[in-house]
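this is the structure alone, sequence omitted:
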């Protein structure tokens, strides 16, 4: 997104707790502002408005309530199938896209009433309209499960065509568009797990697959835009596994590049969890003794520059305990003893810098000592 | 016409104050001599800009306003016309970038003016390091992470500084006793930052004018900009559509008018004087029979006021602000800030064929800049200033300020010492260096030539010229203080000054017994009701209700 | 804020939950009809945890639940009369009926058949006939079958197999295979494995670490790394920690203070964050979190079934979880 566009009159910003980036709230959060006992809302501020504005709002709402209830009764009667009933669901879903029964009714009409009377060209066009409707709704409600689900249903129902020689043509066009839509959704909120799950679904099911390599490039772009975005690191871990398993990338070379990338992030912000979790994934079960030793040394250097870094200490404990567990045969008794002592010393340091999790560090110290005695 | 307050001049500060007074329930008349809104902050078409420059460059006798303007804007030169599509330009007399978190954005949102305007994110800020070569300014965690120029240790140190600057540093031991010492020294001594990194921070992150700028205000600016990132996108700054501050000033005027303010443009002021019993001012305008009567005047520099009915050139004296040499240049080839061979963007190369099915995937080549800022630190340019930093704001079609394929460059160089050199001579080296960053047209071997240029020197307003208020007479005249000259601070300082002006005006009006009134719409009973002034902006009357989308 | 936020305002919240059914003139009440069954379950469970179960009329509630029976769908409950059957509202309906000791009103065989019909070849469950899949629905199925005493009809290996596919290297679980770990899905997967006595599927030390790191400096819990805290995670995270017996791994005092600070001290109810609009969902999960933290004056809440512990114990379904000991008031 390059253009900031209009500044919303209620645009509000929630600041991250620990650092200076800011995530703008989704539009969904602005749905209701006055004192109405709502059932299920996130991030809606209690806001004061002028008396006049509230009164006007109340009047408007009463009118809408009336309209809504009539619509609701008509719809739930489900008495007829036809254009009128279909349009009814469109209006209803624009008002309340979480109304799953209205989606079901709509799909039933499409499958049993409409599709059988239409040509494949028309069915394809109808499904394109359905997708447009859900695109518009997702912009307003990016975290509503049933909207995402309706998209999946649409895609699954795209007919063969446009010709006998090109049976996947329509499907491919539609699925390609999906990738574009989901990228827009992730531009708006890079942590939206609905969008990420949908993205994986699209990549796995599209008729002509995109290369895993280009998905790796996509995660690079998302991580460069904000490396606190653990969703992108997670996706990267999944993509790399597939690239390694299919032999498209040499795991040894590729892992070294990943260690370099993540090291840059560790030095830039040692307090960012996402980076350390990804590093932990890279180390994995810690089979490679040299790699784990080298990484321990590198984290130690960072800790020397940043002596209060909780994540340096926490990770050192984790990796040293991993060495004690998996490479114990490479260690002399003295080395074992000193590794254990280092862990216990770091764990007592952690109790100081991270008192909220003190009991966990105590428990780990106790276990580490107990293992040494065994 | 009898009003509570007459505002003379429609610069941004005055326009915000007029809108706030109007919304609070005061009767406002707002007057500008010019045929456009915005005064010295106006956004003009290319034609209007030429007329503006020529009027100020000529010696023909004219109104007192124009002669004051001639003292304020000197050393004017321009290239010959024609400039094709000249009406499709919105050229700003006060180029500015607006921090996404700050008093101006607050005022835009709280007043509802935001709905009249659009904004574009500033794409890039870069620092000039040598001919044809610039470096991006690592102003965020992501920039530091991606940077190929910084070592791991540099990354850690720079980030430590940025975290410090983003936090509540007042009273911290790192800053103790160093609040007033030069900022560049502070960066070097306290955070062990190298010279190049320190220069990038001081001039392109804090927008310091010189190496002498003190530490505390520089840190405070950086904090504001860091906290601005992410609000509307990755950049801290917005650039207003259609020429920026002039368009925004006009938006506030529109809101004032909606609140009932009267607007009169294109009229010279023939007299401003107290009426017979000395309780009100009477203002007469050329070409208008009816005069205005008011309790309070807010008068921009260059406008007559009762104490000095005809502002003399001597009004324009030194203030805390520096004079600025300015150039406005139109080019028809885009600039690029990517240093050859060292671009981190080009590292991302999406296989084109794969993306073909994906409509208009923004290929991240991003060679061409639409809206960007380039900073020249002191001594970075042979023939340039060794004392002051200069900046170049680029705005293109994306900010709705230029036709497609055209870009406007705004060069600004603060003049720390008296100089006899012309604006053009002072800025020519900067302009040439900037044109050296143009993306070369492979079809042409001719170096890029500007289509059009204006050069001038803008002198600061005099603070001394503001008459004191609260003298023997009960009448008062308020004069808006000058805005900051920093490209990143001008907008916010106008908003801060406007709020101070607003409260002074409210105080002065209260003192003469004027109360704000608001229209009541009680079904049958239409009338006015006295209200209290509760804040700079009253609650918004209309809710932006998503349910309206039904 | 008119009242102190350092204590849980039990009578006020009870009144708030009670008042939710009285807002039928509000548009929002009708816009949320598709969540009504769940909302009643949240409200009733919150009242039970606050020892105010009788604040809502038992007969009316049972009548409402039974009016949501969807005969056409073959044995499930919708969220509201005339809404289609869904596994989520079906679980809520069963939970409500059990809390009200009225399970005899239901044709259990048909409910079991409806639930089992939703299991997919992969082992996951769909929410309804339209095929949306999610570990949340898998939990709904396992929880409901367990409450109905019909777990033996479930293909446990297949079910556990899908949960295993959703496990990530950080110890957590996602909504579908391949998805990022998320505290809500960690809860549903952990609770599912607890019901099926398969906690050996979990890397307990790793997951305990991931869960403990959900606490942010404000004291609240987030649902994923580098995200904002939210009162509802007080339950998602804490329930999984209680099942792993690791609740002491976070700072309970700070979390209690955070939940209490999100109370609406004027009108009752708890919001997602301080200063925000309260709702019954966050009210329930905030109080549920407080119960697991041993907050005085509350009844024990079973973190596996998210129902009053007394009810679950009476049914002989209690698993080996541990919250913090109840504090004296």
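On my side now, so go ahead. Being a predicted model, the structure only gives us computed values, none of them experimental. Numbers count the residues shown, from 1 in each chain, chains lettered A, B, ... in the order given.

find the closest residue to chain B in chain C.
residue C:27 (7.6 Å; Cβ to the nearest Cβ). For every residue, glycine as well, the C-beta is placed using N, CA and C.

what pLDDT does the spatially closest residue to that residue that is not a sequence neighbour get?
Nearest in space to residue C:27, with sequence neighbours left out and distances taken as Cβ to Cβ, 6 or more residues apart in numbering or on different chains, is residue A:65 at 4.5 Å. At residue A:65, the model reports a pLDDT of 87.

where does the closest residue to residue B:8 other than its chain neighbours land on pLDDT?
Nearest residue to residue B:8, sequence neighbours excluded (Cβ to Cβ, 6+ apart): residue B:303, at 4.0 Å. The model reports residue B:303 with a pLDDT of 90.

thought the residue nearest to residue C:27 was touching residue C:25?
Yes. Residue A:65 is within contact range of residue C:25, at 7.2 Å (criterion: Cβ atoms under 8 Å).

and those two? which has more neighbours close in?
Taking other Cβ atoms under 10 Å in any protein chain shown, residue A:65 and residue C:25 do not tie; residue A:65 has more neighbours (18 against 11).

secondary structure class for the more buried one?
helix (DSSP: H, G, I helix; E, B strand; the rest coil).

got the domain boundaries for chain B?
Chain B breaks down by automatic domain parsing into domains covering B:5-76+B:244-316+B:462-522, B:91-123+B:234-239+B:320-346+B:362-458, B:140-228.

what segments of the stretch 151-300 of chain A are helices?
Taking DSSP state H, counting those that start in this stretch as the criterion, the stretch 151-300 of chain A carries its helices at A:169-188, A:193-205, A:212-225, A:230-245, A:251-268, A:273-283, A:289-305.

what about the chain, any weak spots by pLDDT?
Going with chain A. Residues of chain A meeting the criterion pLDDT under 70: A:1-49, A:79.

oops, I was thinking of chain C
Counting by pLDDT under 70, chain C contains low-confidence residues at C:1-4.

most centrally placed residue in the chain?
If you meant another chain, say so; for now it's chain A. With distances taken as Cα atoms, centre = their mean, the residue of chain A nearest its centroid is residue A:193 (2.6 Å).

wait, chain B
Central residue of chain B (Cα atoms, centre = their mean): residue B:96, at 3.6 Å.

SS state for that one?
Under the three-state scheme (three-state DSSP), residue B:96 adopts coil.

my guess is it meets residue B:491, correct?
Yes. Residue B:96 lies in contact with residue B:491 (Cβ under 8 Å); the separation is 5.0 Å.

what touches both of those two?
Counting by Cβ atoms under 8 Å, 6 or more residues apart in numbering or on different chains, the contacts common to residue B:96 and residue B:491 are residue B:245.

residue B:264 sits in which helix or strand?
Using DSSP states H and E, residue B:264 sits in strand B:262-265.

hmm, residue B:322 is touching residue B:460, no?
Yes. Here residue B:322 reaches residue B:460: they are 6.7 Å apart, a contact under Cβ under 8 Å.

hey, what's in contact with both of these two?
With Cβ under 8 Å, 6+ apart as the test, residue B:322 and residue B:460 both reach residue B:485.

got the contact list for residue A:289?
By Cβ under 8 Å, 6+ apart, the residues touching residue A:289 are A:323, A:327, A:330.

ok, and the most crowded of those residues?
Ranking these using other Cβ under 10 Å puts residue A:323 first, with 20 neighbours.

that residue reaches residue A:292, doesn't it?
Yes. Here residue A:323 reaches residue A:292: they are 6.1 Å apart, a contact under Cβ under 8 Å.

okay, and the common contacts of the two?
With Cβ under 8 Å, 6+ apart as the test, residue A:323 and residue A:292 both reach residue A:286.

what's the longest helix in chain B?
helix B:490-511 (DSSP state H).

so what does that one touch, helix or strand wise?
Contact here means 3 or more Cβ pairs under 8 Å, 6 or more residues apart in numbering or on different chains; DSSP states H and E; on that basis helix B:490-511 packs against helix B:12-24, strand B:98-99, helix B:103-111, helix B:245-258, strand B:296-299, strand B:476-478.

quick one: which of the ones you listed is nearest chain A?
Here helix B:103-111 is closest among those (Cβ to the nearest Cβ), at 5.7 Å.

flag every buried residue along that closest one.
Residues of helix B:103-111 classed as buried under the neighbour-count rule (16 or more other Cβ atoms under 10 Å in any protein chain shown) are B:103-105, B:107-111.

can you list the residues you listed in JSON lines and add pLDDT?
Listed next are these as JSON lines, based on pLDDT from 0 to 100:
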{"residue": "B:103", "pLDDT": "96"}
{"residue": "B:104", "pLDDT": "96"}
{"residue": "B:105", "pLDDT": "94"}
{"residue": "B:107", "pLDDT": "95"}
{"residue": "B:108", "pLDDT": "94"}
{"residue": "B:109", "pLDDT": "90"}
{"residue": "B:110", "pLDDT": "91"}
{"residue": "B:111", "pLDDT": "92"}
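
how distant is stretch C:111-124 from the center of its chain?
20 Å (Cα atoms, centre = their mean, to the nearest Å).

how about stretch C:118-125?
Between the centre of stretch C:118-125 and the centre of its chain there are 21 Å (Cα atoms, centre = their mean).

who touches it?
Against stretch C:118-125 from outside (Cβ under 8 Å, 6+ apart): C:87, C:115, C:126-129, C:131, C:133-135, C:137-138, C:140-141, C:154-155, C:158-163, C:165, C:176-177.
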